[in-house]
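>>> Give me the fold of what follows.
(one chain, ligands or ions: 2)
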Amino acid sequence: MIDTIARTRDMNLHLNSGGSALHILKSITFAINPGEVVSVVGPSGSGKTSLLMVLGGLEKASDGVVAIGGTNLAGLDEDQLADMRRQNIGILFQNFHLIPSMTALENVALALEIAFDDLPVEEIMARAKAALAEVGLAQRETHLPSALSGGEQQRVGLARAIVTRPRLLLADEPTGNLDQETAASAIDLLFALARRNNMAVLLITHDNNLAKRADRRMRMNRGELQELEATVS
Ligand SMILES: Nc1ncnc2c1ncn2[C@@H]1O[C@H](COP(=O)(O)OP(=O)(O)O)[C@@H](O)[C@H]1O
Ligand SMILES: [Mg+2]
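Ligands and ions are numbered 1, 2, ... in the order given. The predicted structure follows:
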């Protein structure tokens, strides 16, 4: 229990929409351990992204406990929350969210610079290059996102997410915009990096075959998170 990366207990999220409060996440109790890959499936609108936002400290739970590395997020101010996020958590988006005017290397370096603003620039560039090499893009450092394929853009997104050596990677339908073959190789890479770095991954996906590759599978339904039966391997 002590080395749990992230956990929630009886966590609820209410959001206001047009004057009425919506109960988005309902009494969620969940934990993810170091190096563990957990998948979350569930219909659109069921609350998957909302859960990711709460775990990433981007959305504040209405009540209940949310803790990252044993620290209760409720006790942190905005600056502490941002530090916690930058130093513990990586996020991988469906739409990559790369900065179009920056090269692949600059996109990765920026994430590291923001996370650890006291690192010397040589160190930042060296680590950013190493992260790009880890995702097989050493030859694409100076390319702008527009000059990269979708699969390559998502690899830059992955390099950016792992360059800070997060203990938890939150991935929100990361293969949703990739064709099947590209998606498969992106996920192989993601799993390999998770294993190598003992990084926990929360993988939100529509793809059941992908979900089955996780160590543990969960399903979100109308804001309720349930554990699915153990994956047969
Ligand atoms: N900022 C917001 N304000 C109000 N309602 C929201 C907001 N963001 C999401 N929702 C609602 O929360 C529910 C869950 O959304 P979401 O977490 O994005 O689901 P999923 O990722 O599973 O598709 C949906 O009904 C959505 O409309
Ligand atoms: Mg979503």
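
>>> Ligand 2 contacts on the chain?
Residues of the chain that fall close to ligand 2, judged by CB under 5 Å from the ion: Lys48, Thr49. From N, CA and C alone the C-beta is placed, and that goes for glycine too.

>>> Sketch out the low-pLDDT regions of the chain for me.
In the predicted model, the chain carries pLDDT under 70 at residues 1-2, 230-233.

>>> Look through it and state the residue closest to ligand 2.
As assessed by CB to the ion, ligand 2 sits closest to Thr49 within the chain, at 3.2 Å.

>>> separation between Asn88 and ligand 1?
Between Asn88 and ligand 1 the distance, using CB to the nearest ligand atom, to the nearest Å, works out to 21 Å.

>>> oh, I was asking about Gly69
For Gly69, the distance to ligand 1 under the criterion CB to the nearest ligand atom works out to 24 Å.

>>> For that residue, what are phi and psi?
Summarising the backbone geometry of Gly69 under the convention degrees, to the nearest 10, its torsions are phi 50, psi 40.

>>> Same question for Met199.
Comment: the main-chain dihedrals of Met199 come out as phi -100, psi 130, following degrees, to the nearest 10.

>>> in the sheet, who's paired with the residue nearest to it when sequence neighbours are not counted?
Nearest non-adjacent residue to Met199, counting by CB to CB, 6 or more residues apart in numbering: Leu169, 5.6 Å away. Here Leu169 sits in beta bridges with Gly90, Val201, going by DSSP bridges.

>>> Number of residues surrounding Leu169?
The number of residues packed around Leu169, counting by other CB atoms under 10 Å, is 23.

>>> residues near Ala138, how many?
Each residue near Ala138 was counted by other CB under 10 Å, and the total is 12.

>>> My understanding was that it contacts Leu132; is that so?
Yes - at 5.9 Å, Ala138 counts as touching Leu132 under the criterion of CB atoms under 8 Å.

>>> before we move on, the earlier item: quick one: contacts for the residue nearest to Met199?
Taking CB atoms under 8 Å, 6 or more residues apart in numbering as the definition of contact, the neighbours of Leu169 are Ile89, Gly90, Ile91, Leu92, Ala161, Ile162, Leu190, Ala194, Met199, Ala200, Val201, Leu202.

>>> Quick check: residues of this structure near ligand 1?
Near ligand 1, the residues belonging to the chain are 15, 17, 22, 24, 42, 44-50, 220 when assessed by CB under 6 Å from any ligand atom.

>>> Pipe these into CSV and attach secondary structure, neighbour count and distance to Ile114 per row.
Conversion of the residues of the chain next to ligand 1 to CSV gives the following (DSSP: H, G, I helix; E, B strand; the rest coil; neighbours: other CB atoms under 10 Å; distance: CB to CB, whole Å):
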residue, secondary structure, neighbour count, distance to Ile114
Leu15, strand, 13, 27
Ser17, strand, 8, 31
Leu22, strand, 12, 32
Ile24, strand, 22, 28
Gly42, coil, 21, 31
Ser44, coil, 7, 31
Gly45, coil, 12, 31
Ser46, coil, 20, 31
Gly47, coil, 25, 28
Lys48, helix, 24, 26
Thr49, helix, 21, 22
Ser50, helix, 20, 24
Met220, strand, 22, 30
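
>>> Between all of these, which two are separated the most?
Using CB to CB, the two most remote members of the residues of the chain next to ligand 1 are Ser17 and Gly42, lying 19.6 Å apart.

>>> Return the residues in contact with Asn198.
The contact partners of Asn198, taken as CB under 8 Å, 6+ apart, are Pro34, Gly35.

>>> try 10 Å
For Asn198, the contact set (CB atoms under 10 Å, 6 or more residues apart in numbering) comprises Pro34, Gly35, Glu36, Arg167.
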